[in-house]
Structures are given as structure tokens and as C-alpha cells.
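Student: This is a predicted model, with the sequence first.
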Amino acid sequence: MLFMTYSDVVRQSTAAHFGFTGESFSYIFALVLIPTIVISYYYGRLSSLAADRLPSLASLTYILGFAVVLFTNNLAFGILSFLLVCAAQESIKPFVLSLVNKNTDSHA
């Protein structure tokens with residue numbers, strides 16, 4: 001649940017905290033999504049390296065992203081915060097899907 005709570009209103013409020021306008025946030029968000037898509041694309045390698053630690057690493061990345069929000073409101077750190085949080089979200093999505101597939105019986 002932790003990884004799904006950061007969407008829409010919370011993300012926009014965080015962007016306002018860092019001083020982004022609607023237009024500048026859309027550009028920054030698009031730039032932040034590029035490395036997060038790469039992270040998601042290489043999920044297989046990431047999961048083999050991290051093994052059972054992937055949920056813990058994603059949680060730590062998520063917490064670090066919000067710690068940046070807590071301690072500063074600088075634009076550069078805002079980009080870092082969005083990068084960390086989005087990377088954690090995108091890396092955990094395939095993990096959640098693999099858990100669902102492992103623990104759900106499929107009948108045709």
C-alpha cells in the first residue's frame with residue numbers, strides 16, 4: 001500500500017512544496033520517468049541481484065525520497081525526491097505482479 005499512496009494529490013502537493021508550477025512539474029516529471037522506466041525494464045536483473053531484499057530496498061528508496069521533502073524545499077532536491085520515489089514505485093510494480101502471479105491459482 002505504501003507504494004501506491006503517492007499519486008495525484010500527494011504528488012502535486014509535493015511539487016507545490018518544492019515550488020514547481022504546473023508546466024515545470026510536467027517537464028520534470030517526464031524527465032524523472034525516463035530513468036524509472038529503465039529501472040522497471042531491467043527488473044529481472046535487479047531482482048536477481050537484490051533477491052529477497054527488493055522490497056526493503058524499494059522501501060528505503062521511498063523513505064529517502066520523502067526524507068528529502070522533510071528536510072528541504074530546494075528545486076534540485078525536489079527533482080531528487082521525485083526520482084527516488086518514482087524509482088521505488090516503478091521497481092516494486094513488477095515485484096507485486098510476480099507475487100500475485102505466484103499466489104493466485106489460474107483456472108480457465
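Tutor: Cool, the structure landed.
Student: Any buried residues in the helix or strand hosting Leu83, and which?
Tutor: Using DSSP states H and E, Leu83 sits in helix 75-103. Residues 78-92, 94-95 are the ones in helix 75-103 that count as buried (16 or more other C-beta atoms under 10 Å). Every C-beta, even on glycine, is put in place using the N, C-alpha and C of the backbone.
Student: Tell me how confident the model is about it, as a mean pLDDT.
Tutor: Average pLDDT, helix 75-103: 82.
Student: That helix packs against which elements?
Tutor: Helices and strands touching helix 75-103, by 3 or more C-beta pairs under 8 Å, 6 or more residues apart in numbering; DSSP states H and E, are helix 9-17, helix 22-41, helix 43-50, helix 54-71.
Student: among the ones you listed, which is nearest Ser106?
Tutor: The closest of the helices and strands packed on helix 75-103 to Ser106 is helix 43-50. By C-beta to C-beta, the value is 21.2 Å.
Student: ok, Val9 to Ser59 distance?
Tutor: Between Val9 and Ser59 the distance is 22 Å, computed by C-beta to C-beta, to the nearest Å.
Student: same deal with Thr14?
Tutor: Counting by C-beta to C-beta - Thr14 and Ser59 are separated by 18 Å.
Student: okay, those two: which has more neighbours?
Tutor: Thr14 (21 against 14; other C-beta atoms under 10 Å).
Student: Who are the contact partners of the more buried one?
Tutor: 69, 78, 81-82 (C-beta atoms under 8 Å, 6 or more residues apart in numbering).
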